[in-house]
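1. how would this look folded up:
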Amino acid sequence: MNMIELFKDALPLWWPGTTLVIIIILIYQFIKLWSGDMTIKKHLSQIFVALFAYTVFCLAVTLAKQHVLEASHLLALALTALAATSFLTAVYFERLRIVFRTAGIILAVSAGTASYANWLPQTKGGYPPPDVKLNVDNMMPQQLADEGEKIIFGGIGQSKVQGAIGRGQCPLCHTFFSEQTSERAPNLWGISARKRLHDSSIEYIAESHVCPSCYVVGGFGVKGTENRESPMPAIHKPPISLSIDELIAVDTWLFLHEGEIPPSPDEIRTVYEKLIPPDERPIGPWEEKPINQPTFLLADGSESVDRILAKAQCVVCHTIPGIPGAIGTFGPKLTMKTHAPARLKDKMYRGKATTVREYITESILYPSVYVTKGYPDNLMPKVYGNKLNGLATDKMVDYLAEVEEGAVPPPIK
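-> Reported below is the predicted structural model:
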């Protein structure tokens, strides 16, 4: 608000009040002058001070009225003006001078507090965003592709951002542009044209998502399997658990990303419903969740520890000595016997663990409690508390607690 608008808003308060103030001042000053208590010069100066103080008072009241409910520096200015008015008014009322000065001090402190509060970063309140239920079958291709990009990379426009990773975790292993190279998994550029032995590319893509070991691109299989086993998880299963609707969005992005016309949602859905049994179809964020939906375990503890770590996809992100194929670099190296004690002593550690075993368990179940320096938060899934039972978790902890930097790895049990 500029000063002209401020004066206009203050005018209704200023005009009648000024008339009354002038009358009171003239009577008061006439009595003082008649009694010989002051000179003409002092008389005129006090009239000027009184009118100025009242003008400041009117402007301050107007500002306070306009901004009392806002986080604005103008409220602090209004309180400062009211404080100045109180001190100026004390000039006229000798006997009440202490009252006006006290009021001025209180207003000055309030102005300082308001100024400091507005200097601090402000957080806006409000209602939470509405829970939007998306209807995949009625969405335009670009809308679907935007949702797919969020799932793959974590947000719209993030596909070219280095290190951007969404809930689908695809960029952990794959690349998506023709000029990029890929070491852990095939570059997905050109996938919209790949069919292999299928009738359409969408059938090939769907099979790659649901049954990645059905066909393994040469050179990208698990070591020692001669490309018969893929390190990639079936992404409709835990820990990723993409629903058919989400897979439709991801596949639509893959086509539009290459400038190709994508199949319709109905066509993509039909392919996935052929490949995924009804009891294995996870419920997506846009779908109503049925009561008593079964929970699928990644591992129940009957497996050897290397299989548990593989099923939980730990080998994709971490290097774990002694575990075949565990050469990931997206997460810290899991030599826990060496590094866990130092992390427990880190001043940034806010967890409740006191031993190495407790720390490893906490890291599996609550990975954001302490994030190792140099690695991003929210990269590791937070589903292992529901997807691994106690026996499987204990086997992982038992093994990792004995892994020491530079030492012979413990035997796999």
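2. now the helices for the protein?
-> Assigned by DSSP state H, the helices in the chain fall at 3-34, 40-67, 73-89, 97-119, 141-153, 201-210, 244-257, 265-275, 305-311, 314-317, 336-345, 356-365, 384-387, 390-400.
3. Count the residues that sit near the nearest residue to Val210 once chain neighbours are set aside.
-> Counting by Cβ to Cβ, 6 or more residues apart in numbering, Val210 lies nearest to Leu275, which is 4.6 Å off, once chain neighbours are set aside. Backbone N, C-alpha and C define where each C-beta goes, glycine included. When neighbours are counted by other Cβ atoms under 10 Å, Leu275 registers 17.
4. Leu275 and Cys211 touch, don't they?
-> Yes - using Cβ atoms under 8 Å, Leu275 is in contact with Cys211, at 7.0 Å.
5. residues touching Asp394, list them.
-> Gly301 (Cβ atoms under 8 Å, 6 or more residues apart in numbering).
6. Kindly recompute the last result at 10 Å.
-> 301, 305, 357, 361, 388 (Cβ atoms under 10 Å, 6 or more residues apart in numbering).
7. which residues does the fourth one contact?
-> Shown here is Thr361, whose contacts under the criterion Cβ under 10 Å, 6+ apart are 353, 355, 393-394, 396-397, 400-401.
8. so which of those residues comes closest to Lys347?
-> Proximity of the contacts of Thr361 to Lys347 (Cβ to Cβ) peaks at Ala353, which lies at 15.2 Å.
9. Need the buried ones from the contacts of Thr361 selected in PyMOL.
-> Here is the PyMOL selection string for the buried members of those, based on 16 or more other Cβ atoms under 10 Å:
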select buried, resi 353+393+396+397+400+401
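10. low pLDDT regions in the stretch 51-200 of the chain?
-> 51-54, 56-97, 99-101, 103-104, 106-134 (pLDDT under 70).
11. which residues touch Leu334?
-> For Leu334, the contacting residues are 309, 314, 317-321, 323, 326, 328, 340, 360, 363, 396, 399-400, 403, by Cβ under 10 Å, 6+ apart.
12. try 7 Å this time
-> When contacts are counted by Cβ atoms under 7 Å, 6 or more residues apart in numbering, Leu334 touches 318, 320, 400, 403.
13. and if you look at Ile364?
-> 384, 393, 396.
14. any chance of those in TSV, plus pLDDT and distance to Leu254?
-> Below are those laid out as TSV (pLDDT from 0 to 100; distance: Cβ to Cβ, whole Å):
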residue	pLDDT	distance to Leu254
Tyr384	86	28
Thr393	92	35
Met396	94	34
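15. nearest to Ile248, of these?
-> Among the contacts of Ile364, Tyr384 lies closest to Ile248 (Cβ to Cβ), at 27.1 Å.
16. in terms of contact, does the closest one touch Leu365 like I think?
-> Yes - counting by Cβ atoms under 7 Å, Tyr384 touches Leu365, with 6.1 Å between them.
17. between those two, which one's more packed in?
-> Taking neighbours as other Cβ under 10 Å, Tyr384 and Leu365 compare with Tyr384 leading, 22 against 15.
18. residue contacts, that one?
-> 312, 364-365.
19. Return the distance of it relative to Ile308.
-> 11 Å (Cβ to Cβ, to the nearest Å).
20. before we move on, what about Arg281?
-> For Arg281, the distance to Ile308 - Cβ to Cβ - is 25 Å.
21. Same check on Val403?
-> Using Cβ to Cβ, Val403 is found at 14 Å from Ile308.
22. quick one on the thing from earlier: can I get the contacts of Leu334 in a markdown table with distance to Glu260?
-> As requested, the contacts of Leu334 are exported to a markdown table (distance: Cβ to Cβ, whole Å):
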| residue | distance to Glu260 |
| --- | --- |
| His318 | 36 |
| Ile320 | 39 |
| Leu400 | 44 |
| Val403 | 46 |
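23. okay but Pro263 is in contact with Ile202, surely?
-> Yes - using Cβ under 7 Å, Pro263 is in contact with Ile202, at 5.0 Å.
24. Mark which of the contacts of Leu334 are buried, thanks.
-> Buried among the contacts of Leu334 by 16+ other Cβ under 10 Å: 318, 320, 400, 403.
25. Among these, find me the one that's closest to Met380.
-> His318 (9.2 Å).
26. could you list every residue that touches the closest one?
-> 326, 328, 331-334.
27. Most neighbours out of those, which is it?
-> Leu334 (25 neighbours).
28. ok, so what distance separates that residue from Val315?
-> To Val315, Leu334 is 10 Å away according to Cβ to Cβ.
29. can you tell me how far Ser178 sits from Gly259?
-> 12 Å.
30. Please apply the same query to Ala407.
-> For Ala407 relative to Gly259 (Cβ to Cβ), the value is 52 Å.
31. try Pro410
-> Pro410 is 51 Å from Gly259, by Cβ to Cβ.
32. quick one: which of these two has more around it?
-> Legend: neighbour count by other Cβ under 10 Å for Pro410 and Gly259, higher for Pro410 (17 against 7).
33. So what does the nearest residue to that one once chain neighbours are set aside have for phi and psi?
-> Among residues not flanking Pro410 along the chain, Glu402 sits closest, at 4.1 Å (Cβ to Cβ, 6+ apart). When quoted as degrees, to the nearest 10, the phi and psi of Glu402 stand at phi -100, psi 0.
34. what's around Glu402, how many residues?
-> Quick note: Glu402 (other Cβ under 10 Å) scores 15 neighbours.
35. And it, what's its pLDDT?
-> Glu402 carries a pLDDT value of 95.
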